[in-house]
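*Asks:* Test case, fold it:
(2 chains)
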Protein chains: 2
Amino acid sequence: MSQISLKELTALSQQVLRHHGFSEPHVEALTATLMAGQADQCASHGVYRLLGLVSSKQAGKADPISEPEVFDQAPAIVRVDAKGAFSPLAFRRGLPSLVDKAKHCGIAAMAINHCVHFSALWVEIEQLTAQGLVAIACNPSHAWVAPSGGSRPVFGTNPLAFGWPRPNSDPFVFDFATSAIARGDIELHRRNEQPIPEGWAIDAQGHPTTDPVEALKGAMLTFGGHKGSALAAMIELIAGPLIGDMTSAESMAWDDGANASPYHGELIIVMDPARFLGDTTAEHLVRAETLFESIQGQGARLPSQRRFKARRETAATGIVEVPTALLNDIKALLN
Amino acid sequence: MSQISLKELTALSQQVLRHHGFSEPHVEALTATLMAGQADQCASHGVYRLLGLVSSKQAGKADPISEPEVFDQAPAIVRVDAKGAFSPLAFRRGLPSLVDKAKHCGIAAMAINHCVHFSALWVEIEQLTAQGLVAIACNPSHAWVAPSGGSRPVFGTNPLAFGWPRPNSDPFVFDFATSAIARGDIELHRRNEQPIPEGWAIDAQGHPTTDPVEALKGAMLTFGGHKGSALAAMIELIAGPLIGDMTSAESMAWDDGANASPYHGELIIVMDPARFLGDTTAEHLVRAETLFESIQGQGARLPSQRRFKARRETAATGIVEVPTALLNDIKALLN
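*Replies:* Sure thing, here's the model as predicted:
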């Protein structure tokens, strides 16, 4: 492990992205997203993702300079066309309109179209809870996951994220894949030649398997049986055809074996407690705190607590840990 | 089993509700909901629920005559105060405004407050898909379900329902409890003195149990481990404090042992594909059909198909089956 200051890592990330032809707005938006993951010690969504950003760009699967175009689609809908670039800049460009619409209408939606997605949804969710808003976000990915009762991949790992603002506290945030497990976990078991637990995947014939090689040839399963499968279908629909964008199967066909980041849309729904509750907002937010206390008071954990703890540690020291080999791989991107 | 025409059963339901002092608008809205469940052969959400409607009213836990009040809360929010009555009339009264707002703003929400809930959410969802709208609905219930990693009940069975309109076809609809199983299933096992499967519940000490008696003293579990638990928490928040209404724990405290239907709020979010997609709506709805075909084409089932088949059978014959003992119990309510 190498220790490196977040400041230095930020500069390195910017340097790499500039070197590979990303425009300054994309350099900033992408680096902010990478550093948010790194500061929370999310190894899988931190600076590690720089490798994928560069390789997706090199494969011609991500545009490094497109300026997103924002459309005032309807009184409560903002649409952002990312034009084949990564999603963070599109999110950033649409955010002010999304917040305005939610605060005016009470509920609003942002559809991001034609974006290459690589980051965790909580990074976006927390930009909304920071403004006192409730947010739900989801997107398709690549078709790796079979529907309940089926044998062939149809769904992506289709994450669903939710955030609730808490006065004087970290927000309540969850962000989970509707697949039983992340695809990377199966790849990790293959690399380590370890069997995978039952319930993660089926082989190409549709039979349950604990062999990671067979699993990668077959299909992953959703979490929670037919209920998780129903949720995965909902995400395909509302962050796919509803917003005029690709399903996971279409994203995979578009990828055509390049193994780039999924290319698709994203849907974010935002609600303003102040418009639902008016003068009684504070009083009802206190009742949410009672719910959280009843969960934590019995020793159960709220989601995201590990991340928030890591964030405070990083803020205190200004230092993060990065595997030395990864750091070298990143520096090699400057050649 | 008794065979009875839906027409005759409708008249019987109306007669019972009138006899127990329900106002004519409530008689109509409640009977329509009961008959929708019965026509779909959902035994648990059909005419069986008449017994609960009457007993909740008799226990003073449901107002039989309150006229719901509709508030234009924000450009994209309609709020309906059910004033302690059952929910179907409140839904009916708020529906026109909800549809107007969704068609104007693109996305809209309806908050139903202070209602007694007894019906399945799909009955409401399908009234929205019938108008070409996408809908999501959820509500808390009574605190019977422990959070993941906990041992004491906090969440209700908290159903989540979703509907997607399909041109020339039944809609895509799911409606599931975020608990591992319906509470009634545990009660059924107790009555039959059968053990329950692992994963359904824990005893009062927080240990896994297969004894239905211990389970009913302890807590139910959510489906899908920590992910299902996170969803259950989201539903508590967005259909509880966000709309100024009770959490499942508060609903249970309000019940105070009466064993009446849960008393709380409900949140319905509606999106209009035509506002998201404009001229390209039809073309993108066709892409959703491709998704459904890729699920059904591999032998997997879409949710709600059993119900839709039953509905067609009922429509063809006009006849439904009701257990004879239940029919007698219902007729006894006229004395």
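*Asks:* didn't residue A:22 look like it was pressed against residue A:66?
*Replies:* No: judged on C-beta atoms under 8 Å, residue A:22 makes no contact with residue A:66 at a distance of 10.5 Å. (Each C-beta comes from the backbone N, C-alpha and C, glycine too.)
*Asks:* Let me see the contact set for residue A:183.
*Replies:* For residue A:183, the contacting residues are A:144, A:157, A:220, by C-beta atoms under 8 Å, 6 or more residues apart in numbering or on different chains.
*Asks:* Please read the previous query as pertaining to residue A:140.
*Replies:* A:155-156, A:158, A:235-236, A:239-240, A:245-248, A:251, A:262, A:264-265.
*Asks:* top of those by neighbour count?
*Replies:* Using other C-beta atoms under 10 Å in any protein chain shown as the neighbour test, those are led by residue A:236, with 35 neighbours.
*Asks:* which SSE is it in?
*Replies:* helix A:225-238 (DSSP states H and E).
*Asks:* ok and that helix relative to helix B:225-238, angle-wise?
*Replies:* In terms of direction (axes from the mean of the first three to the mean of the last three C-alpha atoms, to 10 degrees), helix A:225-238 departs from helix B:225-238 by 60 degrees.
*Asks:* What's the first helix or strand after helix A:225-238?
*Replies:* Heading C-terminal from helix A:225-238 (DSSP H and E), you reach helix A:248-255.
*Asks:* Am I right that residue A:3 sits in a helix?
*Replies:* No: assessed with DSSP: H, G, I helix; E, B strand; the rest coil, residue A:3 is strand; it does not lie in a helix.
*Asks:* Give me the buried stretch members for the one helix or strand residue A:51 maps to, please.
*Replies:* Following DSSP H and E, one finds residue A:51 within helix A:49-58. Of all the residues in helix A:49-58, those buried under the rule 16 or more other C-beta atoms under 10 Å in any protein chain shown are A:49-50, A:52-57.
*Asks:* In its sheet, which strands sit next to the helix or strand following it, and in what direction?
*Replies:* Later in the chain than helix A:49-58, the nearest helix or strand by DSSP H and E is strand A:69-74. Paired neighbours of strand A:69-74 in the sheet (DSSP bridges): strand A:77-81 (antiparallel).
*Asks:* pLDDT value on the residue in the stretch 151-300 of chain A that chain B sits nearest to, please?
*Replies:* Using C-beta to the nearest C-beta, the single residue of the stretch 151-300 of chain A nearest to chain B is residue A:224, 2.9 Å away. As predicted, residue A:224 sits at a pLDDT of 96.
*Asks:* go on, residue A:185?
*Replies:* Confidence score, pLDDT, at residue A:185: 86.
*Asks:* same deal with the one 5 residues further on?
*Replies:* Predicted confidence (pLDDT) at residue A:190: the value is 91.
*Asks:* which residues touch residue A:320?
*Replies:* With C-beta under 8 Å, 6+ apart, residue A:320 has these contacts: A:3-6, A:9, A:38-39, A:41, A:46, A:314.
*Asks:* closest to residue B:301 among these?
*Replies:* Nearest to residue B:301 among these: residue A:46, at 40.1 Å, using C-beta to C-beta.
*Asks:* So the closest one versus chain B, what's the distance?
*Replies:* In this view, residue A:46 and chain B are 22 Å apart by C-beta to the nearest C-beta, to the nearest Å.
*Asks:* what about that residue, neighbour count?
*Replies:* 23.
*Asks:* re the thing from before, just the ones in helices from the contacts of residue A:320, please.
*Replies:* Among those, the members found in helices (DSSP state H) are A:6, A:9, A:38-39, A:314.
*Asks:* Tell me which two of the residues you listed sit farthest apart.
*Replies:* The span of the ones in helices among the contacts of residue A:320, defined through C-beta to C-beta, is set by A:9 and A:314 at 10.7 Å.
*Asks:* what angle separates the helix holding residue A:51 from helix A:248-255?
*Replies:* 60 degrees.
*Asks:* Mind giving me the packing neighbours of helix A:49-58?
*Replies:* helix A:6-19, helix A:24-39, helix A:324-332 (3 or more C-beta pairs under 8 Å, 6 or more residues apart in numbering or on different chains; DSSP states H and E).
*Asks:* what about 10 Å?
*Replies:* Counting by 3 or more C-beta pairs under 10 Å, 6 or more residues apart in numbering or on different chains; DSSP states H and E, the packing neighbours recorded for helix A:49-58 are helix A:6-19, helix A:24-39, strand A:107-116, helix A:324-332.
*Asks:* what ranges do the helices span in the stretch 151-300 of chain A?
*Replies:* With DSSP state H, counting those that start in this stretch, the ranges of helices along the stretch 151-300 of chain A come out as A:183-191, A:212-217, A:225-238, A:248-255, A:273-277, A:281-296.
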